[in-house]
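Participant: Predicted model follows, preceded by the sequence.
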Amino acid sequence: MASTQPVVAPVETGAAPLLEIRGLHKSFGKTAVLKGIDLSVRRGELVALIGPSGSGKSTLLRCINRLEEPTQGAIFLDGADVTAARRDLNGMRRQIGMVFQAFNLYPHLSAEANVALALRKVLKLPRGEAARRARAALDQVGLEGRYCARPMQLSGGQQQRVGIARSMALEPKLFLFDEPTSALDPELVAEVLSVMRKLSDDGKTMVVVTHEMAFARDVADRIVFMDQGRIVDQGPPDHIFRDSTNPRLADFLRSFR
Ligand code: ADP
Ligand code: MG
């Protein structure tokens, strides 16, 4: 861990952000990918992370749950220092649900078994309890009646909903989504976005990397625009889509028209 500055944990109050990132840098060899990210996410907030390919969005998410080791900086989840060297990685990751572009389901297992396996492995739940909670999570993403289907028997949108159910079942404090709809045929995108909107309506805290600008505009509490490893602009949807005069943001948004 190359973090040089000692860091003092933020004072715990009800208003403390769920996620707080300070001065985050990440380099791969000599290539600086994140160049000083400061970002706080409130409880219940949905932050949409947008920006050109290669701007560092995935690397930022991967640093948050320590799939990547930050080069410098501090990340607090619910007041606990995620970057502390001795922090129990599995315990920390249990509190962060991550949904990727690729669904990462076990092909030989049913939808129910894919979700239940996570509950048994991560939360050490007994078989019956895991199955019960897996079915409840699948119900919540609109897959009641598809418990026994294997991934191959499901559409891409349904497979991604199984992936989301698997995250939800673990009841994480924070959800991270990395382009969850990019691998889907266009007609399947809406069903996944609607599940994400419901999660947000239920008060979940979410950071969502997405190219779905309509979703960001309609659902996000705040939109954060990254370019070349920095947060270049951020604000509520009206700021990003109407009021901002940032030229790099304007260039980026133009590419969607
Ligand atoms: P985004 O998700 O915004 O498209 P990424 O975070 O995936 O951007 O990547 C940002 C930059 O970091 C890219 O230039 C990418 O090539 C580089 N990068 C990402 N992961 C690695 C890695 N493991 N090793 C070297 N370079 C990487
Ligand atoms: Mg990415």
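Facilitator: Everything's here; your move. Ligands and ions are numbered 1, 2, ... in the order given.
Participant: Find the closest residue to ligand 2 in the stretch 51-200 of the chain.
Facilitator: Among the residues of the stretch 51-200 of the chain, Ser58 lies nearest to ligand 2; the distance is 3.1 Å by C-beta to the ion. Where C-beta positions appear, they are placed from N, C-alpha and C, glycine not excepted.
Participant: pretty sure Gly44 is touching Met206, no?
Facilitator: No - under the criterion of C-beta atoms under 8 Å, Gly44 lies out of contact with Met206, with a separation of 9.2 Å.
Participant: So which other helices or strands are in contact with the longest helix anywhere in the chain?
Facilitator: Assignment by DSSP state H gives helix 186-201 as the longest helix of the chain. Taking 3 or more C-beta pairs under 8 Å, 6 or more residues apart in numbering; DSSP states H and E as the contact definition, the neighbouring helices and strands of helix 186-201 are helix 156-169, strand 205-209, helix 213-219.
Participant: for it, which positions count as buried?
Facilitator: The neighbour-count check on helix 186-201 (16 or more other C-beta atoms under 10 Å) flags Leu188, Val189, Ala190, Glu191, Val192, Leu193, Ser194, Val195, Met196, Leu199, Ser200 as buried.
Participant: returning to that earlier point: compare Gly44 and Met206 and say which one has the larger neighbour count.
Facilitator: In terms of neighbours (other C-beta atoms under 10 Å), Met206 is the more surrounded of Gly44 and Met206; the figures are 22 against 13.
Participant: contacting residues for that one?
Facilitator: For Met206, the contact set (C-beta atoms under 8 Å, 6 or more residues apart in numbering) comprises Glu45, Leu46, Val47, Leu174, Phe175, Leu176, Phe177, Met196, Leu199, Ser200.
Participant: and the direction of the helix or strand containing Ala131 versus that of helix 186-201, what angle?
Facilitator: Secondary structure from DSSP states H and E places Ala131 in helix 127-140. Going by axes from the mean of the first three to the mean of the last three C-alpha atoms, to 10 degrees, helix 127-140 is angled at 110 degrees with respect to helix 186-201.
Participant: Show me what helix 127-140 is in contact with.
Facilitator: With C-beta under 8 Å, 6+ apart as the test, helix 127-140 has contacts from 111-113, 115-117, 119-120, 123, 125, 144, 146-147, 162, 165-166, 168-169, 198.
Participant: list the buried ones in it?
Facilitator: For helix 127-140, the neighbour count (16+ other C-beta under 10 Å) marks Ala130, Ala131, Arg133, Ala134, Arg135, Ala137, Leu138, Gln140 as buried.
Participant: Return the closest of these with respect to Leu89.
Facilitator: Taking C-beta to C-beta as the measure, Ala130 is the one of the buried residues of helix 127-140 closest to Leu89, at 22.3 Å.
Participant: any idea how far Met92 is from the closest one?
Facilitator: Taken as C-beta to C-beta, to the nearest Å, the spacing of Ala130 relative to Met92 amounts to 22 Å.
Participant: same deal with Asp185?
Facilitator: The span separating Asp185 from Met92 equals 35 Å under the rule C-beta to C-beta.
Participant: Looking at those two, which is more packed in?
Facilitator: Each of Asp185 and Met92 had its neighbours counted (other C-beta under 10 Å), and the higher figure belongs to Met92 (19 against 10).
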